[in-house]
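> sequence and predicted structure below; questions after.
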Amino acid sequence: MARSQESSSLAWLPLGVLTIVLGATPLGYLPVPGTAQFLTIAHIPVVLGGVLCGPLIGMMLGLLFGLGNCWQVAPHDPLVQVLPRALSGLVAGLTFWAARRFGNPHSQITVGSLCAALAGSFTNTLGVILGGVLKGLMPTSEVLPVILFHGCPEAFVAVLITLPFAVVRGSSGR
């Protein structure tokens with residue numbers, strides 16, 4: 001029994017390593033034209049952490065991602081780069097928890113992970129956009145294009161990756 005609790009308490013570790021690698025290196029940011037400059041995939045382990053390990057782990061992974069992003073990508077502003085990332089893991093975890101607690105028993109994991117991936121990903125996107133606009137780093141005319149051409153594809157990829165992991169983990173008795 002102690003061994004399974006120990007392995008379960010370390011489930012976040014590979015996601016933490018992946019978060020650091022993707023957040024602090026160019027691997028997590030695919031360059032694209034436009035104001036946002038990048039299609040971000042570094043948020044995916046954060047969303048996975050929230051879904052698979054809970055809201056607090058998701059938030060800690062988001063904090064790691066945000067710090068790495070703040071180091072890797074200009075403007076190096078914690079309000080714009082760290083806070084939304086920490087919140088994205090928290091929101092993903094809370095969304096999954098709520099869906100598991102209150103959702104249809106036959107689709108809790110599927111619907112929960114789908115909603116969590118969307119909520120976590122859009123928390124990241126909208127938080128960065130809001131921070132950027134408030135700080136004068138992004139013109140309001142770019143908000144809709146960034147949501148459509150960066151946020152939506154990022155959310156789609158988050159769903160594609162999160163859903164199978166959550167379903168496999170859920171079917172194994174989580």
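That came through, no problem.

> can you give me the end-to-end span of stretch 148-156?
End-to-end distance for stretch 148-156, by CA to CA, to the nearest Å: 11 Å.

> where along the chain do the strands fall?
For the chain, the strands defined by DSSP state E cover 29-31, 38-40.

> partner strands of the last one and their direction?
Pairing partners of strand 38-40, with direction, according to DSSP bridges: strand 29-31 (antiparallel).

> in the partner strand, what counts as buried?
residue 29 (16 or more other CB atoms under 10 Å). Where you see a C-beta, it was placed from the backbone N, CA and C, and this is true even at glycine.

> tell me how far that strand lies from the chain's centre.
With CA atoms, centre = their mean, to the nearest Å as the basis, strand 29-31 stands 16 Å off its chain's centre.

> packing partners for the helix ranked longest in the chain?
What stands out as the longest helix in the chain, according to DSSP state H, is helix 108-134. Contact here means 3 or more CB pairs under 8 Å, 6 or more residues apart in numbering; DSSP states H and E; on that basis helix 108-134 packs against helix 44-53, helix 78-81, helix 83-102, helix 143-146, helix 152-171.

> now do residue 164, the pLDDT please.
pLDDT recorded at residue 164 is 94.

> residues near it, how many?
Neighbourhood size, residue 164 [other CB atoms under 10 Å]: 11.

> and residue 35, by the same measure?
By the criterion of other CB under 10 Å, residue 35 has 16 neighbours.

> relative to residue 74, how far out is it?
Note on residue 35: its distance to residue 74, by CB to CB, to the nearest Å, is 13 Å.

> equivalent analysis for residue 57, please.
In terms of CB to CB, residue 57 sits 29 Å off from residue 74.

> neighbour-wise, which of those two wins?
Legend: neighbour count by other CB under 10 Å for residue 57 and residue 74, higher for residue 57 (23 against 9).

> which residues sit in contact with the nearest residue to residue 75 once chain neighbours are set aside?
Nearest residue to residue 75 in three dimensions, chain neighbours excluded: residue 137, at 5.6 Å (CB to CB, 6 or more residues apart in numbering). Residue 137 sits next to 75, 77, 80, 131 when contact means CB atoms under 8 Å, 6 or more residues apart in numbering.

> one more: residue 43?
Contacts of residue 43 (CB under 8 Å, 6+ apart): 62, 65, 85, 88, 120, 121, 124, 154, 158.

> for residue 25, same thing?
Residues in contact with residue 25, defined by CB under 8 Å, 6+ apart, are 68, 72.
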